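Undergrad: build me a model:
(chains A and B)
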Amino acid sequence: MEHGFYTLQDFLLYTKGWAYILMGASLVVFLAYWKFLFSRDKD
Amino acid sequence: MTTEAVSKKTLFTPFNVITGMILIMGAFLTVWRFGWGLGPVTNLDHNNPWGIWIGFDLLCGVALAAGGYVTSSAVYLFGMKKHHAAVRPAILTAFLGYLFVVIALQYDLGRPWRLAYPFVVQSGTTSMLFEVGLCVALYLTVLFLEYSPAALEWLGYKRLRNMIHRCTIALTIFGVILSTLHQSSLGALYLIAPSKLHPLWYSTYLPTFFFVSSAAAGMSMVLFEGWVSHKAFHNKMSKDYLSQHDDLYYSFAKGASWVLLGYVFIKVIGVAVDDNWHLLATGWGQWFLFELLGFALLPSLLYAIGVREKNLKLIRWTALLTVLGIILNRLNVSLIAYNYHLPSEMRYFPSWQEFGVTLFVCTMLVVTFKFIVTRMPIFHEHPEYKDEH
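TA: Just a heads-up that it's a prediction; the model follows:
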């Protein structure tokens, strides 16, 4: 659902909050993915 | 194969007949377009001034020609010397890709003799198109120089060949810089149209999306082109090239998998920073998710599985899926999600002549590629220059 934003501060707090959460998630996902992608290289 | 053996073969092969028919049709369409203008041959109008000659020929052509800078930088800058046999086919594909992008652009622009006007008649340095034009012109020159040693070895111009060969690293660095600039600038072209492009595709990060996806497109195109060439020109390939083939596939599949996952993440971040989550539930949102999940996330995972399982067949089909995904993305930005708010009767759909010219240009590219690889040292080393490049 679309949010009602009354100030630019509200909008940026909300969207940047999402961006930071996604960036944090990407750190975890990329580490796991790297392991998945390269784990069989030594075989 | 000797020259006599080639000349003894019949000219009327299915490939030659179909190619000949397309070239004749293309010549006819060329006269029509340049003689009578854009109006009679295209469905372009003031709402849709750019059609498939830009959306497909230019945007997809440039993205898919990214294999040149990706491969040459991997080998000459990042030290992946074991893949050096892949450089020449990748550079040739990129050179012909850009060359025919410029040729196709002439159909859209008209007056080919004015091609150099942006550089000499007016400065136009604040225009994004000027930057794209300058980068493409310079990069086409760089690609010509990078490709030229193969042609010079074939022609026997040893001194000139050695002179250009010594500039390889400088040319590679220049090529990467120019590619970074114009691959992203092609996305930046659409920053001027926030009200026309659907919000799910419009983002201030469009230049980044275009550049990152071009790297994945380049690697996938090298894999796809290697697959097709393997079938068509197997007899032209040296043992060296063939022995590196599997390793190259796994390396590039890993790279493409990694880049595609990064691309998916920045696209999701693009949705987040513009707060476009609610649009994902709409029809356009489903189309956006179909593109992102089906042609970016899925190929990323399939590449990874292909690498882990040492499954070359899976990697090849994934390369094709990625290439189709890049084409879909560029068409979405330039045509499908562009002017999305217009009623259907005002939307653009290409005329048969536009499709014909695109087919003509693609066919000329294939014919030129075939001409070069059957004569010049592209898939094999020239006997006089073993282990030199």
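Undergrad: can you report how many residues lie near the residue in the stretch 201-350 of chain B positioned nearest to chain A?
TA: Residue nearest to chain A within the stretch 201-350 of chain B (CB to the nearest CB): B:A272, separated by 3.9 Å. No exception for glycine: its C-beta is placed from N, CA and C like everyone else's. If you count neighbours by other CB atoms under 10 Å in any protein chain shown, B:A272 ends up with 20.
Undergrad: what's the biggest helix in chain B, counting residues?
TA: For chain B, the helix with the greatest residue count under DSSP state H is helix B:239-273.
Undergrad: what's it packed up against?
TA: When contacts are defined as 3 or more CB pairs under 8 Å, 6 or more residues apart in numbering or on different chains; DSSP states H and E, helix B:239-273 packs onto helix A:8-38, helix B:206-232, helix B:283-292, helix B:298-308, helix B:312-331.
Undergrad: with mean neighbour count and mean pLDDT added, can I get those in a markdown table?
TA: Output for those, formatted as a markdown table (neighbours: other CB atoms under 10 Å in any protein chain shown; pLDDT from 0 to 100):
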| stretch | mean neighbour count | mean pLDDT |
| --- | --- | --- |
| helix A:8-38 | 13 | 93 |
| helix B:206-232 | 23 | 93 |
| helix B:283-292 | 16 | 97 |
| helix B:298-308 | 22 | 96 |
| helix B:312-331 | 21 | 96 |
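Undergrad: quick check: which of the ones you listed is nearest to B:N47?
TA: For B:N47, the closest of the helices and strands packed on helix B:239-273 is helix B:312-331, at 17.1 Å, according to CB to CB.
Undergrad: quick one, the closest one and helix B:298-308 angle?
TA: If you take axes from the mean of the first three to the mean of the last three CA atoms, to 10 degrees, helix B:312-331 sits at 160 degrees to helix B:298-308.
Undergrad: in chain A, what residue lies closest to chain B?
TA: For chain A, CB to the nearest CB, closest residue to chain B: A:W18, 3.9 Å.
Undergrad: what sits against that residue?
TA: Contacts for A:W18 were tallied using CB atoms under 8 Å, 6 or more residues apart in numbering or on different chains; they are B:272-273, B:275.
Undergrad: figure out which of the helices and strands packed on helix B:239-273 is closest to B:G97.
TA: Comparison of the helices and strands packed on helix B:239-273 against B:G97 by CB to CB identifies helix B:206-232 as nearest, at 8.5 Å.
Undergrad: from the contact counts, what lies against that closest one?
TA: Here helix B:206-232 touches helix B:61-64, helix B:67-72, helix B:87-109, helix B:168-188, helix B:239-273, helix B:312-331, going by 3+ CB pairs under 8 Å, 6+ apart.
Undergrad: please identify the deepest-packed of those.
TA: Stretch with highest mean neighbour count among the helices and strands packed on helix B:206-232: helix B:67-72 (a mean of 28; mean count of other CB atoms under 10 Å in any protein chain shown).
Undergrad: that one packs against which elements?
TA: Helices and strands touching helix B:67-72, by 3+ CB pairs under 8 Å, 6+ apart, are helix B:87-109, helix B:128-155, helix B:168-188, helix B:206-232.
Undergrad: name the nearest residue to B:F211, sequence neighbours excluded.
TA: Nearest non-adjacent residue to B:F211, counting by CB to CB, 6 or more residues apart in numbering or on different chains: B:S184, 4.1 Å away.
Undergrad: touching, B:L189 and B:F130? I think so.
TA: No. The criterion here is CB atoms under 8 Å, and B:L189 misses it with B:F130 at 11.2 Å.
Undergrad: neighbour-wise, which of the two wins?
TA: B:L189 (21 against 16).
Undergrad: ok, now which ones touch the nearest residue to the more buried one once chain neighbours are set aside?
TA: Of all residues not flanking B:L189 in the chain, B:M128 sits nearest, at 5.4 Å (CB to CB, 6+ apart). By CB under 8 Å, 6+ apart, the contact set of B:M128 is B:185, B:188-189, B:191-192.
Undergrad: for chain B, what are the nearby residues on chain A?
TA: For chain A, the residues in contact with chain B (CB under 8 Å from any CB of the partner chain) are A:1-3, A:11, A:14-16, A:18-19, A:22-23, A:26, A:29-30, A:33-34, A:36-40.
Undergrad: so which residue is dead centre in chain B?
TA: Nearest residue to the geometric centre of chain B (CA atoms, centre = their mean): B:L64, 2.2 Å.
Undergrad: which ones are touching it?
TA: B:97, B:217-218, B:221, B:323, B:326-327.
Undergrad: buried residues, stretch B:13-25. List them.
TA: By neighbour count, with 16 or more other CB atoms under 10 Å in any protein chain shown as the criterion, the buried positions of stretch B:13-25 are B:19, B:22, B:25.
Undergrad: can you list contacts of that stretch?
TA: By CB under 8 Å, 6+ apart, stretch B:13-25 touches B:356, B:359-360, B:363-364, B:366-367.
Undergrad: that stretch - what's its average pLDDT?
TA: Confidence over stretch B:13-25 (mean pLDDT, whole number) is 93.
Undergrad: kindly report the same for stretch B:42-56.
TA: 93.
Undergrad: and that stretch, how far out from the chain middle?
TA: In terms of CA atoms, centre = their mean, to the nearest Å, the centre of stretch B:42-56 is found 19 Å from the chain centre.
Undergrad: got it, and stretch B:126-139?
TA: 17 Å.
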